[in-house]
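K.L.:
need coordinates for the below:
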Amino acid sequence: MKLILIRHGESTYNKFNRENPQKRVFTGQFDTPLTEKGRQQARQLQQFHSLKSVETVYASTLSRAFETAYLATSRNDILLDDRLKERSLGTLEGQSLADLTEFCATLPSDFTHSFQAKAPGGENYTDVLQRMQAFFYDYWHNDMAIFSHQGCIRTMMMHLMNLTEDETLRLHIPNCRPIVLEGETVGKFIHKNE
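P.N.:
Numbers count the residues shown, from 1 in each chain. As a prediction, this is how the structure comes out:
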């Protein structure tokens, strides 16, 4: 079985946060659109040969992931699933770090990337992992592509490759760079370079 995991193209908040680290905005499940660069990244995926042969394409219901999937595949049969949404940052979504500096100081320092801590009303990586396990329990197909988000892709890889929490949090998931995994059994998938 081959799985192709793809993080959405550059979003407006990805761009803003990269250019304004002191004012970064908490994104989570806030539905921020793709930038023109993000659309170009998605269209470039049309050249990725393995994507053309997948049986099924799934995408997060957030527009940045769904639009990436559509621009990359031109398919009208993309299956949307809420479980593929990014990790929720609860009440912080859409708010600027600059406006919440004092409040954020009261939270655990790792609340945005933790298996234990979470933002108020939000999720941690354990919650996301449980969503990914449920997704794979329901949908186990040969050769499928999944367009999602950093937190989801990290926990998918953890689940499928039997990674530790530390290994999972160290995974670098760039925008629109396909990650190809092959295997038959959960916990025994391997990462293939294509």
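K.L.:
tell me the confidence at the residue most central in space within the chain?
P.N.:
Centroid-nearest residue in the chain, with C-alpha atoms, centre = their mean: residue 149, separated by 1.2 Å. Here, the pLDDT recorded for residue 149 equals 98.
K.L.:
lowest-pLDDT helix or strand in this protein?
P.N.:
helix 101-105 (a mean of 80; mean pLDDT, DSSP states H and E).
K.L.:
on that earlier part again, how far away is the residue nearest to the centre of the chain from residue 101?
P.N.:
Per C-beta to C-beta, to the nearest Å, residue 149 is found 25 Å from residue 101. C-beta here means a position set from N, CA and C on the backbone, and glycine is covered the same way.
K.L.:
mind listing what the closest residue in space to the residue nearest to the centre of the chain that isn't next to it in sequence touches?
P.N.:
Distances taken as C-beta to C-beta, 6 or more residues apart in numbering put residue 86 closest to residue 149, at 3.6 Å, once the chain neighbours are dropped. Residues in contact with residue 86, defined by C-beta atoms under 8 Å, 6 or more residues apart in numbering, are 27-29, 60, 62, 148-152.
K.L.:
what's the answer for residue 176, then?
P.N.:
So residue 176 contacts 6-10, 38, 41-42, 44-45, 68, 72 (C-beta under 8 Å, 6+ apart).
K.L.:
ditto for residue 68
P.N.:
Counting by C-beta under 8 Å, 6+ apart, residue 68 touches 6, 8-9, 34, 38, 41-42, 45, 59, 147, 176.
K.L.:
buried ones in stretch 67-86, by neighbour count?
P.N.:
For stretch 67-86, the neighbour count (16 or more other C-beta atoms under 10 Å) marks 67-73, 78, 81, 83-86 as buried.
K.L.:
biggest separation within those residues, which pair?
P.N.:
The most widely separated members of the buried residues of stretch 67-86 are 71 and 83, with 22.2 Å between them, by C-beta to C-beta.
K.L.:
now do the helices in the chain.
P.N.:
12-19, 36-44, 49-52, 63-73, 101-105, 125-138, 150-161, 165-170 (DSSP state H).
K.L.:
dump those to TSV, plus distance to residue 192.
P.N.:
Shown next, in TSV, are the helices of the chain (distance: least, C-beta to C-beta, whole Å):
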stretch	distance to residue 192
helix 12-19	26
helix 36-44	20
helix 49-52	9
helix 63-73	19
helix 101-105	39
helix 125-138	18
helix 150-161	12
helix 165-170	18
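K.L.:
could you tell me the least trusted of those?
P.N.:
Across these, the lowest-scoring stretch is helix 101-105, with a mean of 80.
K.L.:
need the CA coordinates for that helix. PDB is fine.
P.N.:
The C-alpha trace of helix 101-105 is given here as PDB (Å, rounded to 0.1, in the frame of the first residue of the first chain):
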ATOM      1  CA  THR A 101       1.700  37.900  25.200                       C
ATOM      2  CA  GLU A 102       0.700  38.100  28.900                       C
ATOM      3  CA  PHE A 103      -2.000  35.400  28.500                       C
ATOM      4  CA  CYS A 104       0.400  33.000  26.700                       C
ATOM      5  CA  ALA A 105       2.900  33.400  29.400                       C
END
